[in-house]
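Peer 1: sequence below, structure please.
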Amino acid sequence: MDIKVTSTGKTFYRIDPALGAILLEALPSVFERVEPAPKPVHVANAASAAIRNVATPEWNVGKSPSGMPVITLRSGRAEFSYPGSVQGATAHFKLAGFELPKDVLERYQRLVESQKNPEWLAEQARNRRDDLELAQRRANGE
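Peer 2: Next comes the predicted model:
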C-alpha cells in the first residue's frame with residue numbers, strides 16, 4: 001500500500017497494509033491513500049502493435065547488418081535467424097519445428113561460398129597456423 005502525507009505531498013511506498021489502514025482511519029486529514037499508477041502496456045502486447053502475423057512461413061536468404069550471410073524465417077509472430085555454417089542450418093530450424101526447404105539451403109550455400117574469396121581463405125589458414133604454433137609454444141613452456 002502507498003500513502004501520501006497531505007501537508008507535504010511526500011509519498012511512502014510499500015507500507016504494510018495493516019499499518020496503512022490504521023493511519024488512514026486514525027488520521028484521515030493527514031494521510032491519503034495513493035493508487036498505484038497503471039503499468040504501461042508493453043509494445044508487444046499492445047492491441048495496435050505493428051508486429052505482422054505471418055500465416056505461412058516466409059524464408060529469406062540475405063546478409064545481416066554486419067555483412068554476414070543469414071537465413072531468416074518469419075512464421076506467426078516469430079522470427080528466427082541463422083548465421084552459422086551451411087551444415088548446421090537444417091538442424092537449427094528442425095529444433096524450432098521447421099523443415100528448411102532445399103532451395104533456401106542452396107541459396108544460402110551459394111551466398112556463404114561467395115563470401116569466401118581466396119584471399120580470405122588464405123588469411124584464415126595463416127591464422128589457424130599461427131594459433132597452432134602459439135599453442136605449441138605455450139605447451140612447451142616458451
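Peer 1: wait, Pro17 sits on Met1?
Peer 2: Yes. Counting by Cβ atoms under 8 Å, Met1 is a contact partner of Pro17 at 4.8 Å. In short, each C-beta sits where N, CA and C put it, glycine included.
Peer 1: those two: who's more crowded?
Peer 2: Legend: neighbour count by other Cβ atoms under 10 Å for Pro17 and Met1, higher for Met1 (17 against 9).
Peer 1: could you report the distance from the more buried one to Arg126?
Peer 2: Met1 sits 68 Å away from Arg126, going by Cβ to Cβ, to the nearest Å.
Peer 1: Ala18 now?
Peer 2: 73 Å.
Peer 1: helix, strand, or coil at the spatially closest residue to Pro101 that is not a sequence neighbour?
Peer 2: Distances taken as Cβ to Cβ, 6 or more residues apart in numbering place Trp59 nearest to Pro101, at 6.2 Å, with adjacent residues excluded. The three-state label given to Trp59 by DSSP: H, G, I helix; E, B strand; the rest coil is strand.
Peer 1: so Trp59 sits right up against Thr72, yeah?
Peer 2: Yes. Contact criterion Cβ under 8 Å: Trp59 and Thr72 qualify, at 7.5 Å.
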